[in-house]
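Engineer: Got a sequence here, can you model it:
(one chain, ligands or ions: 1)
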Amino acid sequence: MKPRKTLIAANWKMHKNVHDAVVYVEELQKEAASFVDREILIAPAFTALPAVRIVMGRADFKLGAQNCHWEEQGAYTGEISCGMLKDAGCDYVIVGHSERRHIFGETDDMIRKKVNAAFKHRMTPVLCIGEVLEEREAGKTFQVLQNQLKEALAGLTPALAEQLVIAYEPVWAIGTGKTATPDQAQEAHAYIREKLSDIFDKEVANAVRILYGGSVKPDNVDALMAQPDIDGLLVGGASLEVASFKRIVHYQVPGGKN
Ligand code: PEP
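Structural biologist: You can find the predicted model right below:
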């Protein structure tokens with residue numbers, strides 16, 4: 001089995017102007033070790049993408065967008081297409097973040113179209129899935145994860161599915177300071193991998209990288225990354241300061257992750 005390369009992603013949401021984004025990336029590239037076993041993904045606001053691309057010089061650093069539209073172009077005021085994001089230098093695009101689903105009403109159908117549009121433009125979609133607190137408390141977590149996966153991935157070929165990144169983000173843990181325990185996260189990740197095997201096959205399930213997101217901090221990163229099915233992290237709040245994100249990308253797992 002090919003080892004899955006760790007991916008540590010910073011989702012800056014609606015934070016940082018162009019200048020602050022550039023200064024941060026320059027500083028992180030200088031201060032963080034160079035990695036061969038992990039990739040660092042920075043997802044700034046759309047406005048900062050081209051400037052960050054210019055200063056992003058390291059092979060282990062990747063650029064991502066936080067959202068996209070599925071159409072190529074047209075009368076969609078305020079939207080941005082995958083072709084435009086690719087043109088701005090993006091390698092990845094986050095799709096179906098819970099803030100997009102719950103604040104902006106994105107549906108599974110829209111999310112499936114975004115996954116396909118990202119692949120069409122040779123970007124890797126980071127597909128976010130996760131249950132809200134009431135669903136967890138009602139014992140429906142696995143059902144929610146299964147539905148979100150099936151809907152978003154319908155019709156995808158195994159060759160593309162293998163390249164996918166999935167972020168398991170329990171909605172009750174995002175921006176709340178409440179992290180899933182390493183055992184809760186591992187249980188959900190193992191379930192997602194099992195479902196990928198059912199929907200596609202074992203090869204796809206073993207290749208797909210599954211990130212955990214939800215109040216990841218310097219003090220919980222090592223325990224989360226020690227779990228066998230956690231292949232990386234999607235970090236919101238704790239990615240806004242270089243020092244804390246630097247500690248997160250330098251997570252330490254006894255015996256090594258890969
Ligand atoms: C996120 O926005 O994807 C996220 C996980 O945020 P936070 O780390 O702040 O919980």
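
Engineer: Roughly how far does residue 182 sit from residue 74?
Structural biologist: Noted for residue 182: a distance of 45 Å to residue 74, by C-beta to C-beta, to the nearest Å. All C-beta atoms are positioned from the backbone trio N, CA, C, and that covers glycine.

Engineer: And the helices in the stretch 101-250 of the chain?
Structural biologist: 108-120, 133-137, 141-153, 158-161, 182-199, 202-207, 221-225, 242-249 (DSSP state H, counting those that start in this stretch).

Engineer: could you dump these to TSV with mean pLDDT and mean neighbour count?
Structural biologist: Shown next, in TSV, are the helices of the stretch 101-250 of the chain (pLDDT from 0 to 100; neighbours: other C-beta atoms under 10 Å):
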stretch	mean pLDDT	mean neighbour count
helix 108-120	98	20
helix 133-137	95	14
helix 141-153	98	18
helix 158-161	98	16
helix 182-199	98	18
helix 202-207	98	17
helix 221-225	97	20
helix 242-249	98	19
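
Engineer: which stretch among these comes nearest the ligand?
Structural biologist: When those are compared by C-beta to the nearest ligand atom, helix 242-249 sits nearest the ligand, at 9.9 Å.

Engineer: Can you spell out which helices and strands pack onto the closest one?
Structural biologist: strand 6-11, helix 18-31, strand 232-235 (3 or more C-beta pairs under 8 Å, 6 or more residues apart in numbering; DSSP states H and E).

Engineer: Touching the last one from outside, list them.
Structural biologist: Judged by C-beta atoms under 8 Å, 6 or more residues apart in numbering, the contacts made with strand 232-235 from elsewhere in the structure are 6-11, 38, 94, 126, 128, 165, 167, 169, 209, 211-213, 216, 221, 224-225, 245, 248.

Engineer: Provide the partner residues of the residue of the stretch 1-150 of the chain found nearest the ligand in its beta bridges.
Structural biologist: Nearest residue of the stretch 1-150 of the chain to the ligand: residue 11, at 4.5 Å (C-beta to the nearest ligand atom). Beta-bridge pairing for residue 11 (DSSP bridges): residue 43.

Engineer: On the pLDDT front, check it for me.
Structural biologist: We note a pLDDT of 98 for residue 11 in this prediction.

Engineer: I'd guessed it sits against residue 239; true?
Structural biologist: Yes. Applying C-beta atoms under 8 Å, one finds residue 11 in contact with residue 239, separated by 6.7 Å.

Engineer: By proximity to the ligand, which residue of this structure wins?
Structural biologist: For the chain, C-beta to the nearest ligand atom, closest residue to the ligand: residue 236, 2.2 Å.

Engineer: Distance of the closest residue in space to residue 143 that isn't next to it in sequence relative to residue 94?
Structural biologist: In this structure, residue 143 finds its nearest non-sequential neighbour in residue 135, 8.0 Å apart by C-beta to C-beta, 6 or more residues apart in numbering. Distance of residue 135 to residue 94, computed by C-beta to C-beta: 21 Å.

Engineer: now do residue 22
Structural biologist: 20 Å.

Engineer: cool, and residue 139?
Structural biologist: Per C-beta to C-beta, residue 139 is found 28 Å from residue 94.

Engineer: more crowded one of those two?
Structural biologist: Taking other C-beta atoms under 10 Å, residue 139 and residue 94 do not tie; residue 94 has more neighbours (25 against 8).

Engineer: Could you double-check that that one sits in contact with residue 43?
Structural biologist: Yes. The pair residue 94 / residue 43 is scored as a contact, 5.8 Å apart, by C-beta under 8 Å.

Engineer: Mind listing the shared neighbours of the two?
Structural biologist: Contact criterion C-beta under 8 Å, 6+ apart; residues shared by residue 94 and residue 43: 9, 11, 64, 65, 66.

Engineer: wait, the third one sits on residue 94?
Structural biologist: Yes. Taking C-beta under 8 Å as the definition, residue 64 is a contact partner of residue 94 at 6.3 Å.

Engineer: Would you mind grabbing the residues shared as contacts by these two?
Structural biologist: With C-beta under 8 Å, 6+ apart, residue 64 and residue 94 have common neighbours 9, 43, 126.
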